[in-house]
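Colleague: Curious how this folds, go ahead:
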Amino acid sequence: MIRFPWFRSVVVLTLLALSFAACTREAPEIAAADLPKEAHETLALIKRGGPFPYQRDGAVFGNFEKRLPLRSSGYYREYTVPTPGARDRGARRIVAGGDVRTSGEYYYTADHYTSFRRIRE
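Modeller: This next block holds a predicted model:
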């Protein structure tokens, strides 16, 4: 049996490169004008510093699935975008990074963190 000791190294390096690329790519964008009206209201509340209608608004968003750019723990905060007709908070959120009132780093998800789009203002 012929062995290729370098093969394992190539595979490991390739996997590392792919995972790094996946973690550092930017989210697709959505124009602020294309957001639902409830998201406009939530974004205005974030920039004013509240008051927020939901107890969980402003909670740390962990980014455990690494769908947003990697940052230190506590960097991202999540806010509810109300869903008309929903009995609970629904699936829509805005996740804000850094100083949430002024950073301009806002992401919208309509599917409870499965995908994100960076809000372009």
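
Colleague: Show me what secondary structure element comes after the helix or strand of the chain with the lowest mean pLDDT.
Modeller: None of the helices or strands of the chain scores lower by mean pLDDT, DSSP states H and E than helix 5-24, at a mean of 49. Moving toward the C-terminus from helix 5-24, the next helix or strand (DSSP states H and E) is strand 29-31.

Colleague: hmm, who's touching that next one?
Modeller: 108, 117-120 (Cβ atoms under 8 Å, 6 or more residues apart in numbering). All C-beta atoms are positioned from the backbone trio N, CA, C, and that covers glycine.

Colleague: wait, what's in contact with the spatially closest residue to residue 32 that is not a sequence neighbour?
Modeller: Among residues not flanking residue 32 along the chain, residue 121 sits closest, at 4.7 Å (Cβ to Cβ, 6 or more residues apart in numbering). Going by Cβ under 8 Å, 6+ apart, residue 121 touches 32, 104, 106.

Colleague: can I assume residue 55 sits in a helix?
Modeller: No: residue state for residue 55 (DSSP: H, G, I helix; E, B strand; the rest coil) corresponds to coil; a helix is not indicated.

Colleague: roughly how far apart are it and residue 89?
Modeller: Using Cβ to Cβ, to the nearest Å, residue 55 is found at 10 Å from residue 89.

Colleague: neighbour count winner among the two?
Modeller: Set side by side, residue 55 and residue 89 show more neighbours around residue 89, with 17 against 9, by other Cβ atoms under 10 Å.

Colleague: Secondary structure element holding that one?
Modeller: Using DSSP H and E, residue 89 sits within no helix or strand.

Colleague: residue contacts, the spatially closest residue to it that is not a sequence neighbour?
Modeller: Using Cβ to Cβ, 6+ apart and skipping the chain neighbours, the partner closest in space to residue 89 is residue 80 (4.9 Å). Residue 80 makes contact with 42, 52-54, 56-57, 89-90, 92-93, according to Cβ under 8 Å, 6+ apart.
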